[in-house]
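[1] Kindly return the folded structure for what I paste below:
(one chain, ligands or ions: 3)
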Amino acid sequence: MLTVKILMFGVVGAEHAAMKEFLCEHLVYDAHSVSQALKIIDSTPDISLCIVDIDASYRKGMKLLQTIHGNASFTTLRTLVLTNPGQIEHESEALITGASDYLHKPINKEIIRARIHVHQTIVNQRNQNRSAQEQELLLNTIFWQAPIGISICHSSAPNSNADDNIVSFNPMFEKITGWAKDELMKNGWAKITHPEDLAEDLHNFQKLQAGEISGYSMEKRYLKPDGTVVWVHMIVSQLSLKDDHTYKHMCLIQDITGRKEMEKALIESERSMSVLLSNLPGMAYRCMYDRMWTMQFLSAGCYELTGFAPEELLGNRKLSYEHVIAPEYREDVWEGWKRVLNKREPFTYEYEIITARGTRKWVWETGQGVFNEAGEVEAIEGIILDISDRKKFEDELTYYTDHDPWTGLYNRRSFLKMLDNSSFLHNSQKHALISINLSTIHTLSMRFGFHYSQKFVKKAVNALNALCSNDCLLFNIHEYRFVFYIKGYRDKNDLTSFCQTIFHTLSAMFATERIGWGIGIVELHEQNRNDTEILLKNLLVASEHALANFENEMNFCFFDKEMEQKIAREEALTKELFHIAAGRLTENLILHYQPILDLDGDTICGFEALARLKSDSLGMVAPMDFIPIAEKTKLIIPLGYLIIQKAFQFYQRLKANGYESICMSINISAIQLMKNDFVESLQTMVQDSCLDPSHFSLEITESVFTSNFQEVNTILGQLKEMGFQIALDDFGTGYSSFAREREMNIDCLKIDKFFIDKLVDINPHQAITGDIVSMAHKLGHCVVAEGVEHKQQLDYLRHFNCDKVQGYFISRPLEEDHAIAFIQIHDKPSTTDR
Ligand code: C2E
Ligand code: MG
Ligand code: MG
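    Residues are numbered from 1 along each chain as shown. Ligands and ions are numbered 1, 2, ... in the order given. Predicted coordinates for the structure are as follows:
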């Protein structure tokens, strides 16, 4: 018999002793108060029966019964009431309260044992039902709340929506597949299975149905309603319930999309890694942190890079990687790694290796340390790439940034770099720059073409290159300009003799081409060597000076104090001219007027306006000093207009003094004349001042025609049409040609002083001056002789019918007041002229 836990309440005396004896094989607890009884029931959960003697203490007994049956947690506890026979009221009341049974005293052993058995059976039955219910609840909970999808299918048709297709899906199944239960039932699983996975699934399923297998698992994809795919791990197994022989299977699915994506990414990254490694222009490695760089892994590119197979280097089998590194870099590589590993930083370095064939290659290594938990270097990992091509390219690039590609000489950039070099600045040796100015070579280009001149330059450079040494470097600082940088020479004589060597080297070559060239020399010293701009400028000035004097065979020129002063003076003049041109201090530009004598009636027929600059710093400056600067800087254009304006004003003064018929000559520079709007501007000026242009003669020099004869002649024609007279100044000094003179739109020829001076030196019969006068007359031009200083010259000119003369013999250029006074004394104006 099964041992039953029994609580006895209120049983005393003979009944108590009897009960103890009868129930000796059971576990019996005694209680005499309600609280004691409840305490025992609470602490003994599987207590099945409570025997309550209500006759002994009816009130207490009933209280206990009410408590037990009023409490839902004691539903399985059976209560048996002991009464004396005839206590029907007690019995019925106890039964109404909930007591399970009653028994009359005296207690019979067999009856009590039988009753205990009955009640125990009932308790057991109830317990079983309860656990079945609990199990069902648990299973339901699992089904509905499981984090995996579950379907239980009663159908054998994967696509069927037949009536027998009874399928249960839990919410997770719906969630994973994205399909609602109804749709799942309607479609069947095959329709929502990814086509690529369907064949395998169906194959397994058929085997399952055929009973060949009891279950299968696979990773497959479902197509979700939105067309996306969900990866699942699926387990399908037959379901056989004890009493149910119909077909059933269960399908469990777990969403593994995330894992699959990771796998895909991993596969992709492994694939990329392998693609990378196999296409690396070098090798990937893992090595130990030791002096040998003992290799633990080397990618296949090792052979291509080093000429050694990976196996030869792995574990230093044939040789270590240290021996592959070119000896001069080994220490640097080691120290470099040591430095970065201490700071746990990545390493990058460029060095050379020596391949199996003994050739050198430039490599770029980058890598980093692998550290263990203790922070020690476990290994080093990285890549080593072949950068030989890049290095070659870099070298070429460096070469071309520092050299002129045509001549192969150091270029201007490296020249300036050298000048900036600090060691150069602090060197106590003597330094000088010798510039060879071959700028006239451009005329060769014009004559024979660019190719010819370039070849000529190359030839010259090759010859000059032969003069180079460690202390004498040659640079190509500009097109057709070359500079020798010389150091360690003793004195100027050394430089002079070097210039003579240059002269001998090039002279024959240049003589055959009949072009000039010049050498400029600048010695470097504390004051000038820091300003490269000035150095270059001075060098150019000196070489240009030498070039300008080439015909005098002075082909080299030191940049000296005199030249420096000249430059300073030029700069000061430029500044002052700029101010005047800008309308400030215009009174500093002064005109003096030189009288012109008409030999026909010995009257003063005109004045030539000659400009002077009253400089604050330099005093009175002659036109020969500032006009070329004004022309070079183009300031002659505004200054020219100012001069014309001043000449006009003086003419107005002369007119007011009764000298209206006087002709005012104004010098016009080529730059002025060629300015687009010159004719119009002059027209406006004439109109504004209400003057008659026929009282003005514009003097231009022959050199104007060298630029473009036709164009110049057209402009002169326009000026003549306006009424101006045109005089050709300094005739005989330039490209004089009587042949072209016939076509020129000029009225007058001014014979240069050179031909007038000759009249003093040579026998008058041998002079050609008279011939010039008569030829000019034949061409219909009036003739003015310039620079007449002696009577003898005047007589000659008068004899040869020269029309007008101008010179110190008549008068020097005069200030306005003096000019007026001069004419008043010399020539009384006739009343008809007024
Ligand atoms: P130019 O036009 O041939 O002027 C004649 C120059 O000869 C003047 O020199 C004049 O003073 C000088 N001269 C005249 N007679 C004698 C003489 O008997 N003996 C000597 N030794 N010299 C004499 P200046 O004034 O120094 O002018 C020099 C040149 O400057 C002028 O030569 C002219 O080409 C230029 N020039 C002067 N003023 C102007 C100007 O306003 N505009 C332009 N574009 N050039 C000017
Ligand atoms: Mg003149
Ligand atoms: Mg002249």
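[2] CA atoms for contacts and neighbours, from now on please.
    OK.
[3] what residues are up against Glu312?
    318-319 (C-alpha atoms under 8 Å, 6 or more residues apart in numbering).
[4] in the helix or strand hosting it, what counts as buried?
    Secondary structure assigned from DSSP states H and E places Glu312 in helix 310-313. Neighbour-count burial for helix 310-313, with 16 or more other C-alpha atoms under 10 Å as criterion, is recorded at 310-311, 313.
[5] who does the next helix or strand after it touch, helix- and strand-wise?
    Counting by DSSP H and E, the element after helix 310-313 in chain order, helix or strand, is helix 327-343. Secondary-structure packing of helix 327-343 (3 or more C-alpha pairs under 8 Å, 6 or more residues apart in numbering; DSSP states H and E): strand 347-354.
[6] which other residues reach the strand it packs on?
    By C-alpha under 8 Å, 6+ apart, strand 347-354 touches 306, 324-326, 329, 333, 336-337, 340, 360-368.
[7] and the next element down the chain from that strand?
    strand 360-371.
[8] which element follows that next one toward the C-terminus?
    Tracing the chain past strand 360-371, the next element assigned as helix or strand by DSSP H and E is strand 377-386.
[9] Just checking: what are the partner strands of that next one?
    Sheet pairing for strand 377-386, assigned by DSSP bridges, gives strand 282-287 (antiparallel), strand 360-371 (antiparallel).
[10] For ligand 3, find the nearest of these.
    strand 360-371 (73.0 Å; C-alpha to the ion).
[11] For that closest one, buried residues please.
    360-370.
[12] Then stretch 615-634?
    621, 626-627, 629-631.
[13] That one and ligand 3 in contact?
    No. If you take C-alpha under 5 Å from the ion as the test, stretch 615-634 misses ligand 3, and the best it gets is 11.4 Å.
[14] Ok, stretch 691-709 next?
    No. Contact of stretch 691-709 with ligand 3 (C-alpha under 5 Å from the ion) is absent, the minimum separation being 8.0 Å.
[15] Kindly export that stretch (C-alpha atoms) in PDB.
    Output in PDB follows, covering the C-alpha atoms of stretch 691-709 (Å, rounded to 0.1, in the frame of the first residue of the first chain):
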ATOM      1  CA  LEU A 691      44.300 126.300 -83.300                       C
ATOM      2  CA  ASP A 692      45.200 125.900 -86.900                       C
ATOM      3  CA  PRO A 693      47.300 122.700 -87.300                       C
ATOM      4  CA  SER A 694      49.200 124.300 -90.200                       C
ATOM      5  CA  HIS A 695      51.200 126.200 -87.500                       C
ATOM      6  CA  PHE A 696      52.500 123.000 -86.100                       C
ATOM      7  CA  SER A 697      55.200 120.600 -87.400                       C
ATOM      8  CA  LEU A 698      55.300 117.100 -85.900                       C
ATOM      9  CA  GLU A 699      58.800 115.700 -85.800                       C
ATOM     10  CA  ILE A 700      59.200 111.900 -86.100                       C
ATOM     11  CA  THR A 701      62.400 110.000 -86.400                       C
ATOM     12  CA  GLU A 702      63.200 107.600 -89.200                       C
ATOM     13  CA  SER A 703      63.200 104.600 -86.900                       C
ATOM     14  CA  VAL A 704      59.400 104.900 -86.700                       C
ATOM     15  CA  PHE A 705      59.200 103.400 -90.200                       C
ATOM     16  CA  THR A 706      61.100 100.300 -89.200                       C
ATOM     17  CA  SER A 707      58.000  98.800 -87.500                       C
ATOM     18  CA  ASN A 708      55.500  99.100 -90.300                       C
ATOM     19  CA  PHE A 709      56.100 101.500 -93.100                       C
END
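[16] quick one: that stretch to chain centroid distance?
    Averaging C-alpha positions (C-alpha atoms, centre = their mean, to the nearest Å) puts stretch 691-709 58 Å from its chain's average.
[17] Would you mark the buried spots in that stretch?
    For stretch 691-709, by 16+ other C-alpha under 10 Å, it's 693, 695-705.
[18] same check, this time on stretch 681-689
    Those would be 682, 685-686, for stretch 681-689 by 16+ other C-alpha under 10 Å.
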